[in-house]
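A.B. asks: below are the sequence and a predicted model for it; my questions follow.
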Number of protein chains: 2
Amino acid sequence: MTDSPQAIDDLIALMAKLPGLGPRSARRAVLHLVKKRAHLLIPLADAMQQVGETVRECVNCGNIATDDICGICASERRAIGEICVVEDVSDLWAMERSNQFKGRYHVLGGTLSALDAVGPEDLRIPRLLDRIKSENVTEVILALGATIDGQTTAHYIADQLPGITVTSLAQGVPVGGELDYLDDGTITAALKARRAI
Amino acid sequence: MTDSPQAIDDLIALMAKLPGLGPRSARRAVLHLVKKRAHLLIPLADAMQQVGETVRECVNCGNIATDDICGICASERRAIGEICVVEDVSDLWAMERSNQFKGRYHVLGGTLSALDAVGPEDLRIPRLLDRIKSENVTEVILALGATIDGQTTAHYIADQLPGITVTSLAQGVPVGGELDYLDDGTITAALKARRAI
Ligand SMILES: [Zn+2]
Ligand SMILES: [Zn+2]
């Protein structure tokens, strides 16, 4: 950018890497930040530093946490014996917003993908199998997207768990749809109508 | 957000205040930041802090600067005697991208607006009149949006400047359009075809 301060150019370039922001919207966002220096720019810099220093992955389930164990895994109010398997933390959040599931989660960190060469050991699948043995799990709910990779992953996991009830979200998940984009009612309906795989 | 760390909720709430991001895209952006902790989150926090500490308004023209005087006002390569008046720094950047104007700028910080009760003293108009006296200005180019408020502002400024050549961007600026959304070619054409008010 001609004659604009280097610090501004650097900030624009970094902001443009955020999902949903391109170069133009990054420029607008940065100008907005400069105008709202005290009320937005400084608090945002502090909040990012805070997250950078405190936030990590739960060693048990892969959820976002500020301790080794996340709030859900540590909570005594969550039901023992039910694990809901999701692809990503955003899906865990979507499930939590529907406020229906009272068990614990397991965040895979993606789906199996032949095309992208993602195998079971690239995801949190070995850790899931360990948990199912050690946590007295009676039902595994697979809340994976209705994509080809999501369904491949669901069947792979179900095959690893003979003797365990494995269900999946059914009614309401649109074909090709991603969980994070669904409204709470659809997730509630899909959870209630879950079926054995 | 149920059971997600407070630092994450705080960061999402702040990100959602950026133009172009709502609650959902703010959540996605924050998850992306957490995943790219070393390569994006920490550099972004540092860049914001850097901008917060170093960036201010040019006391002469209102442009973004790291000193009291911005790079354009301080440059000896910019033509003396021509001032291009824009509403906002984003418009200054749009003009600079077209690479046609070699004079200096004056950033009003908005437009006159009866509806929003924005008067001349709320903008950088008094400072503009001072500059025109002290900088030996021979032409003022009004590069304001083709909106009602933009044109009201243009006519108000022209009325304050008897004896000075006041022109405005003409050809190419679509009615109701904002300068920042125009391509470089349109800005170039509009600048070349500028006309006396
Ligand atoms: Zn956990
Ligand atoms: Zn300046």
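C.D. replies: Good, I have the coordinates. Ligands and ions are numbered 1, 2, ... in the order given.
A.B. asks: just the strands in chain A please.
C.D. replies: A:56-57, A:64-65, A:82-86, A:104-107, A:139-142, A:165-168, A:195-196 (DSSP state E).
A.B. asks: what's in contact with stretch A:39-49?
C.D. replies: Residues outside stretch A:39-49 that contact it (CB atoms under 8 Å, 6 or more residues apart in numbering or on different chains) are A:32-34, B:7, B:10-11, B:14-15, B:17-18, B:33, B:41-42, B:44-45, B:48-49, B:51-52. C-beta coordinates here come from the backbone N, C-alpha and C atoms, glycine included.
A.B. asks: what domains does the record give for chain A?
C.D. replies: As given by automatic domain parsing, the domain ranges for chain A are A:6-54, A:80-168.
A.B. asks: so which of the contacts of stretch A:39-49 sit within helices?
C.D. replies: Judged by DSSP state H, helices contain the following of the contacts of stretch A:39-49: A:32-34, B:7, B:10-11, B:14-15, B:33, B:42, B:44-45, B:48-49, B:51-52.
A.B. asks: from these, which two are the most distant?
C.D. replies: The span of these, defined through CB to CB, is set by A:V34 and B:A7 at 24.1 Å.
A.B. asks: sorry, back to before: okay if I get the domains of chain A as CSV plus mean pLDDT, distance to ligand 1 and mean neighbour count?
C.D. replies: Below are the domains of chain A laid out as CSV (pLDDT from 0 to 100; distance: least, CB to the ion, whole Å; neighbours: other CB atoms under 10 Å in any protein chain shown):
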stretch, mean pLDDT, distance to ligand 1, mean neighbour count
domain A:6-54, 94, 15, 19
domain A:80-168, 91, 7, 18
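A.B. asks: for those domains, which one sits closest to B:E57?
C.D. replies: domain A:6-54 (8.7 Å).
A.B. asks: what about the closest one, how long is it end to end?
C.D. replies: In domain A:6-54, first residue to last residue: 29 Å (CA to CA, to the nearest Å).
A.B. asks: save the domains of chain A as CSV, and put in distance to B:H155 too.
C.D. replies: Converted to CSV, the domains of chain A look like this (distance: least, CB to CB, whole Å):
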stretch, distance to B:H155
domain A:6-54, 26
domain A:80-168, 51
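A.B. asks: between these, which one is nearest to ligand 2?
C.D. replies: Nearest to ligand 2 among the domains of chain A is domain A:6-54; the distance by CB to the ion comes to 13.9 Å.
A.B. asks: can you tell me how far A:Q50 is from B:P43?
C.D. replies: 16 Å (CB to CB, to the nearest Å).
A.B. asks: A:A79 now?
C.D. replies: From A:A79 across to B:P43, the span is 41 Å (CB to CB).
A.B. asks: swap in A:K17?
C.D. replies: Separation of A:K17 from B:P43 (CB to CB): 9 Å.
A.B. asks: cool, and A:L182?
C.D. replies: From A:L182 to B:P43 the distance is 33 Å (CB to CB).
A.B. asks: check A:E53 too.
C.D. replies: Distance from A:E53 to B:P43, by CB to CB: 14 Å.
A.B. asks: do A:A65 as well
C.D. replies: For A:A65, the distance to B:P43 - CB to CB - is 23 Å.
A.B. asks: what do you get for A:S4?
C.D. replies: From A:S4 across to B:P43, the span is 19 Å (CB to CB).
A.B. asks: equivalent analysis for A:G110, please.
C.D. replies: 24 Å.
A.B. asks: with A:I132 instead?
C.D. replies: For A:I132, the distance to B:P43 equals 39 Å [CB to CB].
A.B. asks: how close does the residue nearest to A:A16 when sequence neighbours are not counted get to A:L14?
C.D. replies: Counting by CB to CB, 6 or more residues apart in numbering or on different chains, A:A26 is the residue found nearest to A:A16 once chain neighbours are left out, at 3.9 Å. When distance is defined by CB to CB, A:A26 is 8 Å away from A:L14.
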